[in-house]
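Colleague: The sequence and its predicted three-dimensional model are supplied below.
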Amino acid sequence: MATFRQRPLRSGVVKPHNVQWGGRAAAHLLFWLVKGCGATLRIDYEDESGLLNTEGVERPPVIFSIWHNRLALTLRMRQVLLDQRGLARPMAAMVSASKDGGLLACVLELAGIQPVRGSSSRRGPQALLELKSWAERGYDLTITPDGPRGPRCVVQDGVVALSQITGLPIVPVNVHTRWKWTVNSWDRFQIPLPFARCHVRVGKILHVPPDADDAKREELRIELERRMRELAPD
């Protein structure tokens, strides 16, 4: 059975932070800023997974894996690569249970994405079970395997555990743009500037066997990290 290692907590009950009316107002503003800027982006892509070559055919759900510092580009990527090509499925995404995660959860809800609150440090096991329930309803899942606190571009074991318990394959994704603002944060968060050209790379699909033991999961974690770093050399 897959496990999700979680740091020791001060109490046995962990509740995600929820935003108040001020935070919700900020989320609406942020959503429309992201949507407005995203509409100006020029996006091209290369696909090693074959996932984007199934137009007109209902594809199975998958787990999208993208580095935390690329989150600002995910909404536009989903619209261009999936929605506009008739490949979209409903989607659920893991979001930190922290206060900042509450703001992001509101933005995702406005975009029609179901947020699931949790991480390796807070509500990890609960979040895995919630994501499993959404997968059983036919949802795609999205996870930032190095979030929410890093280290940057280091895959944690949660994404492999999630793949094992849901049976969904992992699809590594990266987006690169030179015209961006890089925040001085732990992950060097990237914010694309208006009219930037963005290149999306969809990597080869990674399958996790349902009977994988600890050693096999670690092997696959290392392999996923290798593939994602190859997609995102910067």
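Modeller: Done, it's in. Residues are numbered from 1 along each chain as shown.
Colleague: And the pLDDT at the nearest residue to residue 138 once chain neighbours are set aside?
Modeller: Leaving aside its chain neighbours, residue 138 sits nearest to residue 61 (5.7 Å; criterion: C-beta to C-beta, 6 or more residues apart in numbering). Quick note: C-beta positions are derived from backbone N, CA and C, even for glycine. Listed pLDDT for residue 61 reads 95.
Colleague: How about residue 102?
Modeller: At residue 102, pLDDT is 80.
Colleague: what do you get for residue 120?
Modeller: 60.
Colleague: cool, and residue 181?
Modeller: Taking residue 181 on its own, its pLDDT is 93.
Colleague: beta partners of it?
Modeller: residue 191 (DSSP bridges).
Colleague: re earlier: any figure for the gap between the residue nearest to residue 138 and residue 97?
Modeller: Between residue 61 and residue 97 the computed distance is 24 Å (C-beta to C-beta, to the nearest Å).
Colleague: circling back: and the residue nearest to residue 138, how far from residue 230?
Modeller: From residue 61 to residue 230 the distance is 25 Å (C-beta to C-beta).
Colleague: Where in this protein is the helix or strand with the lowest mean pLDDT?
Modeller: helix 99-110 (a mean of 83; mean pLDDT, DSSP states H and E).
Colleague: elements contacting it?
Modeller: Packing partners of helix 99-110 (3 or more C-beta pairs under 8 Å, 6 or more residues apart in numbering; DSSP states H and E): helix 21-38, strand 91-95, strand 114-117.
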